[in-house]
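Asker: Provided below for reference: sequence and predicted model.
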Amino acid sequence: MTPAPNTQLVQDLNPLRVDIAGRLKKNEDQISKLRKQAKDVKAALAHAEADHKVLVQLAKVAGTSTRSTRTRSAGSSRRGSGERAKQLLKVVSEGKDVTKKDLVAALDVSEVRVQQLLTQLKKQKLIKSAPQPGSRRTLVWSVPPAGKDQLA
C-alpha cells in the first residue's frame, strides 16, 4: 500500500518547515540584537548631547567660544596667571564632574596650560581631583571650601 499523496507531500515539506522555522528564529534573534543596539546608540547620543550642553554652558561662563581654534581676536589680550587661575576656579566650581578636556574647551587654552594651572592650584589646596566614575584614567576636578573662599 502506498501512502496517500497528501501524506507524502506533508513528509516532503517537513524538512522545509523545520528549516524555515530555524531561519525565522535566527532572524528574530538578529532583530532583537539590532533593537538593543539601536537603544544603546540612542542613549549614547543623548549622553553626548548632554555633555555638549555642559560644554557650551562652561564656555559661556568662561566667556569663550566652543570653537576648537585657538586664534586670538585683534582686541583680546593675554591674560595673566592669576586671572586664568580664577577663571579656572570659577568654571570648576560651577560645573559638575569637570575634566581637563572640559577646562581646555572652556578656557580656550592648551592642555599643557590647563595642567600647569591645575598643578599650581592643587599645590595651594584651592582645587582637588578624584577619579571619574567609570574611568580609571580620567580625573574630575572640584573646588574644596578653601578654593570657594578664594572665589569670594
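Answerer: Everything's here; your move.

Asker: Could I get the contacting residues of the nearest residue to Thr138 once chain neighbours are set aside?
Answerer: Once flanking residues are discounted, Thr138 sits nearest to Gln132: 4.1 Å by Cβ to Cβ, 6 or more residues apart in numbering. Yep, even glycine has a C-beta here, placed from its N, CA and C like the rest. Taking Cβ atoms under 8 Å, 6 or more residues apart in numbering, we find Gln132 in contact with 97, 99, 138-140.

Asker: and what of Ala85?
Answerer: Residues counted as contacts of Ala85 (Cβ under 8 Å, 6+ apart) are 117, 120-121, 126.

Asker: about what we covered before: I'd like the distance between the residue nearest to Thr138 and Asp102.
Answerer: 11 Å (Cβ to Cβ, to the nearest Å).

Asker: before we move on, the earlier item: from the contacts of Gln132, keep the buried residues only.
Answerer: 99, 140 (16 or more other Cβ atoms under 10 Å).

Asker: Packing partners of the longest helix belonging to the chain?
Answerer: Ranked by number of residues, the top helix in the chain under DSSP state H is helix 5-62. Packed against helix 5-62, as judged by 3 or more Cβ pairs under 8 Å, 6 or more residues apart in numbering; DSSP states H and E, are the following elements: helix 81-94, helix 100-107.

Asker: average pLDDT for that helix?
Answerer: Helix 5-62 carries an average pLDDT of 88.

Asker: Equivalent analysis for stretch 143-152, please.
Answerer: Stretch 143-152 comes out at a mean pLDDT of 75.

Asker: for it, the distance to its chain's centre please.
Answerer: Centroid separation between stretch 143-152 and its chain, computed with Cα atoms, centre = their mean, to the nearest Å, is 28 Å.

Asker: what does stretch 134-151 give?
Answerer: 19 Å.

Asker: what comes up buried for it?
Answerer: The neighbour-count check on stretch 134-151 (16+ other Cβ under 10 Å) flags 140-141, 143, 147, 150 as buried.
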